[in-house]
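J.: build me a model from this:
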Amino acid sequence: MSKIKGLKCKECSKRYPAEPLHVCEFCFGPLEVEYDYDFIRQGITREQILQGPKSLWRYQALLPIEKEPTVGLHAGLTPLIHAKNLGQELGLNSLYLKNDAVNCPTLSFKDRVVAVALTRAKELGFDTVACASTGNLANSVSAHSAEARLSCYVFIPYDLESAKVLGNLIYRPNVVAVEGNYDDVNRLCSEIAGEYHWAFVNINIRPYYSEGSKTLAFETAEQLGWRAPHQVIVPIASGSLLTKIAKGFRELASLGLIPPAPVRIHGAQAAGCSPVASAFLEGRDFIKPVKPKTIAKSLAIGNPADGLYALKEVRESHGTVTTVTDEEIVEGILFLARTEGIFAETAGGVTVAVLKKLAHQKAFRSDETVVAYITGNGLKTQEAVSQAVGSPMLIEPTLSSFEKAFKKTKEDRRN
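T.: Residues are numbered from 1 along each chain as shown. Sure, this is the predicted structure:
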């Protein structure tokens, strides 16, 4: 007996075998993995999880692979940090940061989804993997495919941050820069996926790939002492991350691994690419595509595949979707660095800026457990803050030169 029943359409519930499929042939709705939870329930306990590997694969029973994992064996199980300094400034006693800026090997949450996607791709017999990406996904696919000895093609917008471009090339995949934004890249990849027998992790392998994001919820609950937080803040790009975090908490509760408790879910978007936030604020039940214009390029998806499902999760949890400007994003990055010593990429700046805005709006009680998801490392988006951090103090190699500069610095700070 297998824990995977197959794939199921999220719209019409039509069922399909567990193959490389992602769209319902009847209604064109997205497919997702359907599990046999009665079967899973028989073999999963907190003790069994705790005895598992020090990685996301401790939750293998709840992930869509049939055999032992073969890719990304060190991904996941990142720190959940009690952000006391940041919390003090925001009036929150139990503020936590789930810090995937230190994920292995490419410093973003994408290492989770790619570990699952490539393990499943190998099970399905693929020898070539590919993706459309705003940067972090391409980095992770490139790194994991190198480890797995798989041929790799990554497709990225031509104007991606330089560190993320280098973060692909170093692993020697085939990197294709497309003259367009992410939505243009994704449309092209959908066409290529129809012509080539490749495992596109966010197209034909998407139902399996997206399940990796659940591990952020699993780890959060475990690290909080097997309980769900009261509220969470999640950045929105495609919307998949938010929906899968919500699903992860529900799965743990349904299996008796954590007490049932509502989690209020807040989505965070950049004002320059906020199709989900616009739908939320305008009370719409559909997403209007937009043309992205923001420094938060990892969130710059103007036509989010799971935007409507993210919107539904937010509304059902009585949460919000909030936007912040590029200036507020930079301030969020600097605020997090100053208070907690964490250098987040622009998506993290969006999350922290929204957290700050919601705290000022009294969206949280001081005693509530709040978790903000930091999804990528600031070393990947240095251009965003390079003009905001100043420059080093330049002195001659003499004590008098230092004292002169030191005195000037103190005076500048007083003024």
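J.: only C-alpha atoms from now on, for both contacts and neighbour counts.
T.: Noted.
J.: domain parsing of this structure, as residue ranges.
T.: 1-43, 81-106+218-384 (automatic domain parsing).
J.: out of those domains, indicate the one that is most buried.
T.: Mean neighbour count (mean count of other Cα atoms under 10 Å) peaks for domain 81-106+218-384 among the domains of the chain, with a mean of 21.
J.: for the record, mean pLDDT for it?
T.: Average pLDDT, domain 81-106+218-384: 97.
J.: quick one: that domain to chain centroid distance?
T.: Remark: domain 81-106+218-384 is offset 9 Å from the chain centroid, using Cα atoms, centre = their mean, to the nearest Å.
J.: now the domains of the chain as TSV including distance to residue 125?
T.: Output for the domains of the chain, formatted as TSV (distance: least, Cα to Cα, whole Å):
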stretch	distance to residue 125
domain 1-43	10
domain 81-106+218-384	24
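J.: to residue 149, which of those lies closest?
T.: Residue 149 lies closest to domain 81-106+218-384 among the domains of the chain, at 15.6 Å (Cα to Cα).
J.: for the stretch 251-400 of the chain, what spans make up the strands?
T.: 264-270, 321-324, 369-374 (DSSP state E, counting those that start in this stretch).
J.: dump those into a markdown table; add distance to residue 242 as well.
T.: Below are the strands of the stretch 251-400 of the chain laid out as a markdown table (distance: least, Cα to Cα, whole Å):
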| stretch | distance to residue 242 |
| --- | --- |
| strand 264-270 | 7 |
| strand 321-324 | 11 |
| strand 369-374 | 10 |
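J.: and the gap between the closest residue to residue 313 other than its chain neighbours and residue 366?
T.: What sits nearest to residue 313 in space, not counting adjacent residues and going by Cα to Cα, 6 or more residues apart in numbering, is residue 243, at 6.5 Å. Distance of residue 243 to residue 366, computed by Cα to Cα, to the nearest Å: 26 Å.
J.: one more: residue 142?
T.: Distance from residue 142 to residue 366, by Cα to Cα: 42 Å.
J.: same deal with residue 239?
T.: Taking Cα to Cα, one finds residue 239 at 28 Å from residue 366.
J.: helices along the stretch 101-250 of the chain, start to end?
T.: 110-123, 136-148, 162-169, 182-195, 206-209, 214-223, 240-254 (DSSP state H, counting those that start in this stretch).
J.: can you list those in a markdown table and add distance to residue 328?
T.: Converted to a markdown table, the helices of the stretch 101-250 of the chain look like this (distance: least, Cα to Cα, whole Å):
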| stretch | distance to residue 328 |
| --- | --- |
| helix 110-123 | 24 |
| helix 136-148 | 22 |
| helix 162-169 | 22 |
| helix 182-195 | 23 |
| helix 206-209 | 31 |
| helix 214-223 | 26 |
| helix 240-254 | 21 |
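J.: quick one, helices of the stretch 251-400 of the chain?
T.: Taking DSSP H, counting those that start in this stretch as the criterion, the stretch 251-400 of the chain carries its helices at 275-282, 307-316, 326-340, 346-360, 399-414.
J.: start and end of stretch 310-327, how far apart?
T.: 25 Å.
J.: what's in contact with that stretch?
T.: Counting contacts by Cα atoms under 8 Å, 6 or more residues apart in numbering, the residues outside stretch 310-327 that touch it are 239-240, 242-243, 246, 262-272, 274, 276-277, 279-281, 294-296, 350, 353-354.
J.: likewise stretch 379-388?
T.: 161, 162, 163, 164, 295, 330, 343, 344, 345, 346.
J.: and stretch 74-82, C-alpha only, in CSV?
T.: C-alpha atoms of stretch 74-82 as CSV (Å, rounded to 0.1, in the frame of the first residue of the first chain):
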residue,chain,number,x,y,z
HIS,A,74,20.8,18.3,4.3
ALA,A,75,18.1,20.8,3.4
GLY,A,76,15.7,22.2,6.0
LEU,A,77,15.5,22.1,9.8
THR,A,78,16.6,25.8,9.8
PRO,A,79,16.5,27.8,13.0
LEU,A,80,13.4,29.2,14.6
ILE,A,81,14.7,32.3,16.3
HIS,A,82,13.1,34.0,19.3
